[in-house]
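In: Quick one: sequence and predicted model below, then my questions.
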Amino acid sequence: MKTIKTCLLGAALSLLSPLASAAETGFSLETVDPEADRLALQAYYQKRFPGVPLEDYVNGIYAIDPDSRKQWDALMEFPPYEFDLEEGEVLFNTPFANGKGYADCFENGGIGIRQKYPYWNSEEGTVKTLEQEINECRVENGEQPLKWKRGDIAKISAYMASTSRGKPFEIDIPENDPRALQAYLDGKRFFYTKRGQLNLSCANCHLQGSRIYIRADLPGPTLGHPTHFPVVRSKWGDIGTLHRRYEGCYRDTRSVPIPAQDEQFRKLEYFQTYMSNGLPVNGPGARK
């Protein structure tokens, strides 16, 4: 029965074209003005959920569903990520075998920089994420890379995110490098493109499907989606990264899997986080 319901939902949502879902927000897939996209997305949500302050979208579904918010507020009296934060701080400050540490790899010693990720690296010609650079720091200092989706890398990233809480995201798309704009556009198209056996796009669930039940779940809005990661999810039972969530969503469409930190996911993160520019960092978070 569970499979049948999922398939019926996929069939219903698949009737909505990616162009139609993009048009709902006031822009088309051919638009090449990221700032116009961001403002249009904000206007879409302000119209759909009037009275919800923009900055509250960092709380995901709890910004737009009062019943879910009450349960979440009770949960947050004792945040389930507190031990992960403590462990992340210890891991961050533990020197590598060569005597150096994470602070030597990042601007400002790695403190208060989460709001700048992901960013376009013109020298390498690619989007760089925080978790990606955590592992690069390890490798450059003779350490083994961490697994991408959970465990120590999520805890370290969570600690670093916590030092930026309240700082607004400031994702930049350098005008002097057209490859950066193309990366943003690739991420945007990925968000609106249907895929998998269920023929679903990210937008079907997290734009059109915001606060519409999928079985027992209410998908959160795409606005503010990256702001609270890493998160502890009740479903996971532990803390995980944004790309762990991406991989799970992608798998749920019954698509050929894409691994965490794949270039396509990094471009998706670039697009989604740019859409949340101006919203404050509030990671780590807790979700159902």
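Out: Alright, I've got the coordinates.
In: State the next helix or strand along the chain beyond the host helix or strand of Ile239.
Out: Element membership of Ile239 [criterion: DSSP states H and E] is strand 238-240. Using DSSP H and E, the helix or strand that directly follows strand 238-240 along the chain is helix 242-252.
In: got a list of contacts for that following helix?
Out: For helix 242-252, contacts defined as Cβ atoms under 8 Å, 6 or more residues apart in numbering pick out 129, 131, 148-150, 154, 195-196, 198, 202, 205, 226, 229-231, 236, 257-261, 265, 268-269. Just so you know, the C-beta spots here come from the backbone N, C-alpha and C atoms, and that holds for glycine as well.
In: How about stretch 159-166?
Out: Stretch 159-166 has contacts (Cβ under 8 Å, 6+ apart) with 85, 88-89, 91-92, 110-115, 130, 134, 229-230, 280-284.
In: Can you give me the end-to-end span of it?
Out: 14 Å (Cα to Cα, to the nearest Å).
In: Report the mean per-residue pLDDT for that stretch.
Out: For stretch 159-166, mean pLDDT is 98.
In: And the residue positioned nearest the centre of the chain, how far from Glu170?
Out: Residue closest to the average C-alpha location in the chain (Cα atoms, centre = their mean): Pro226, at 2.9 Å. Using Cβ to Cβ, to the nearest Å, Pro226 is found at 13 Å from Glu170.
In: roughly how far is the strand holding Ile239 from the heart of the chain?
Out: Distance, stretch centre to chain centre, for strand 238-240: 14 Å (Cα atoms, centre = their mean, to the nearest Å).
In: same check, this time on stretch 212-229
Out: The answer for stretch 212-229 is 11 Å, by Cα atoms, centre = their mean.
In: List the buried residues for it?
Out: Neighbour-count burial for stretch 212-229 flags 214, 218-229 (criterion: 16 or more other Cβ atoms under 10 Å).
In: average pLDDT for it?
Out: Stretch 212-229 shows a mean pLDDT of 85.
In: coming back round to it: and which of the buried residues of stretch 212-229 is nearest to Asp177?
Out: Asp177 has its nearest neighbour among the buried residues of stretch 212-229 in Pro226, at 22.0 Å by Cβ to Cβ.
In: part of a strand, is that closest one?
Out: No. Looking at Pro226 with DSSP: H, G, I helix; E, B strand; the rest coil, it is helix, so not inside a strand.
In: Could you pull up the residues touching it?
Out: 242, 269, 272-273, 276.
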